[in-house]
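Asks: Below are the sequence and a predicted model for it; my questions follow.
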Amino acid sequence: MQAILSALLVGTGLLAAGVGIAIAQQVVRTTLRAQQRLSTLSTTVVEGWDAWFIGGFSGVTAGFSWLYAVGVFALWATAGLGLMGLGIRLITRF
């Protein structure tokens, strides 16, 4: 019974890490798409404060999105590693 529960915990941990990777990839893809749209808008705007604001806004938004992606991945990966650790600890204890 412990072997089945251990394998289930390890499998769930791997699944959690995979979910973290998938979510982070989606956030990065969306960020890159939005930044590309804003940067093309920035180049079409006449030089001045408008272009500076749009370019700066694009960079700040991209930075926050990258931080969010890293945070989400770190949380899911930590949860996955915790579950895998519990599964390994359970099987080695008995």
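Replies: Perfect, I can see it now.
Asks: I91 contacts L8, doesn't it?
Replies: No: if you go by Cβ atoms under 8 Å, I91 and L8 don't touch, sitting 11.0 Å apart. All C-beta atoms are positioned from the backbone trio N, CA, C, and that covers glycine.
Asks: all strands of the chain, in order?
Replies: Here the chain has no strands by DSSP state E.
Asks: top helix in it by residue count?
Replies: helix 49-93 (DSSP state H).
Asks: Which neighbouring elements make contact with that one?
Replies: Other elements packing on helix 49-93 under the criterion 3 or more Cβ pairs under 8 Å, 6 or more residues apart in numbering; DSSP states H and E are helix 2-44.
Asks: so how far is the helix it packs on from its chain's centroid?
Replies: In terms of Cα atoms, centre = their mean, to the nearest Å, the centre of helix 2-44 is found 4 Å from the chain centre.
Asks: got the angle for it vs helix 49-93?
Replies: Per axes from the mean of the first three to the mean of the last three Cα atoms, to 10 degrees, the angle that helix 2-44 makes with helix 49-93 is 170 degrees.
Asks: counting contacts, what elements does helix 2-44 pack onto?
Replies: Secondary-structure packing of helix 2-44 (3+ Cβ pairs under 8 Å, 6+ apart): helix 49-93.
Asks: pLDDT on the helix it packs on, on average?
Replies: If you average the pLDDT over helix 49-93, you get 86.
Asks: can you check stretch 20-31 too?
Replies: Per-residue pLDDT over stretch 20-31 has a mean of 93.
Asks: What's the local residue count around I23?
Replies: As a burial measure, I23 scores 16 neighbours (other Cβ atoms under 10 Å).
Asks: A34 too?
Replies: A34 has 14 nearby residues by other Cβ under 10 Å.
Asks: G20 too?
Replies: The burial count for G20: 20, using other Cβ under 10 Å.
Asks: Not including adjacent chain positions, what is the nearest residue to it?
Replies: Of all residues not flanking G20 in the chain, W76 sits nearest, at 2.5 Å (Cβ to Cβ, 6 or more residues apart in numbering).
Asks: from what I can see that neighbour touches Q25, true?
Replies: No: using Cβ under 8 Å as the test, W76 is too far from Q25 to be in contact (11.9 Å).
Asks: Noted, bye for now.
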